[in-house]
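**Q** have a look; sequence and predicted model below, questions after that.
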Amino acid sequence: MAKQPRIIVGQVAAITGAARGIGKATAKALAREGVKVAIGDLDAELARSAAQEVGGGAIGLGLDVTDRPSFQRFIDEAEQRLGPIDVLVSNAGIMPLGQFVDEDDLTARRMVDINVHGVMFGMKIVLPGFHARGRGHLVNIASSAGKGGFPGGATYCGTKHFVVGLSEAVRGELRGTAIEVSCVMPGLVNTELASGVGDARAVKKVQPEDVADAIVDALKHPRFDVYVPRSIGPITQVLNVLPRRGREVLVRALKVDRVLAQADPAARRGYELRAALSEPGLEPGSEPKQLSETSP
C-alpha cells in the first residue's frame, strides 16, 4: 500500500534565486499547494515583483547567497514575517560556459561562491532550527552535471558534483531524524541559464514548471534523488556500472559531450553578461564567458 503523501499546506518555504526561472516556478507551485513562500534574490526589486505575481502572501527579499550575513538576514526576516522555515530550496546558481583553460579565475571564483557556498551557508543557517523543531526539508538544486563531467562546463560540473556529495553526506548525518534532504538533478531546463545550449539525443530540455512539480512531489513523498526528467535516473545508473571506456563511448554516442562545449556564444551573451554583473566588483570581460577585474 502506497504511503500517504505528506501534508505541506501551511508550511513555510524559503527559495534562493527565485525571482526567475526554476526558483520562480517553484514558488508558484508551492503557493498553489498552500505553502507560504519567501523569495530571495540578489535583485531585491525583481524578488518583490515576483512575490506579487506568485501571490498567496509570498514575500520578496534581497539576498546575496555568497554573503552569510545577508543569508542570515533573509532567513530571519522570512521567519519573522511568515513563521519558522520548514523548507529551504537552494536554487541560486550560475553557469558560465567555455573551455576550462580560457576561464579566468574570477569567473571560477564567482561560480564557486554562488553554487557551492550559497548552498552551504543556507544549510548551516536553517539546520539548527530544523533540529530544534524536529523537522525540516533541505532541497538542493544540483544538476545531472553533478553526476558526470561535460566539456565546456568543467567548473560548473565541479560545483554541482560538490552539491551532490554535500547533500549525500549531510543526509547521512541526519539519518534517524525527521529532517529530509532532496537533491534535485535536472537535465537542461528551458531557462535563461541554458540559452544557446542544444539538446542531447537521449534527453530533451524540460520546462521550469517540470522541475517545480518534481520538487513539490519530493516534499510530499520524500526521497533523495530527484531526476528531471525521470529518464535521467536509469541513464545515470547504466553509466555508473559501465567501465570508463564504455561510459565515454555511450556519452559520445548520445552527443552529451557536445551539449555545453557547442553552446552558441551569441545566444548566451545576455545571460553571461547578467551573470557577470551580478557581482558589483566584476564587469564583463572581452568574451561573454569571462569576467575580468574592474579597471582602477
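**A** Ah, there it is.

**Q** quick check: phi and psi at the residue nearest to Val37 when sequence neighbours are not counted.
**A** Counting by CB to CB, 6 or more residues apart in numbering, Ala58 is the residue found nearest to Val37 once chain neighbours are left out, at 4.3 Å. (Glycine included, C-beta is placed from N, CA and C.) The phi and psi values for Ala58, taken as degrees, to the nearest 10, are phi -60, psi 150.

**Q** wouldn't Ala58 be in contact with Lys24 here?
**A** No: if you go by CB atoms under 8 Å, Ala58 and Lys24 don't touch, sitting 10.2 Å apart.

**Q** the stretch 151-296 of the chain: helices as residue ranges?
**A** Under the criterion DSSP state H, counting those that start in this stretch, the stretch 151-296 of the chain contains helices at 154-173, 208-220, 232-241, 244-253, 265-277.

**Q** list the helices and strands the second one packs on?
**A** Same thing as helix 208-220. helix 21-32, strand 136-141, strand 179-186, strand 225-228 (3 or more CB pairs under 8 Å, 6 or more residues apart in numbering; DSSP states H and E).

**Q** again with the fourth one
**A** Contact partners of helix 244-253 among helices and strands, from 3+ CB pairs under 8 Å, 6+ apart: helix 232-241.

**Q** turn the helices and strands packed on helix 208-220 into TSV, including mean pLDDT and distance to Met111.
**A** What follows is those, written out as TSV (pLDDT from 0 to 100; distance: least, CB to CB, whole Å):
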stretch	mean pLDDT	distance to Met111
helix 21-32	97	17
strand 136-141	98	14
strand 179-186	97	17
strand 225-228	96	21
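
**Q** pLDDT value on Asp86, please?
**A** Reading off the per-residue confidence, Asp86 sits at a pLDDT of 98.
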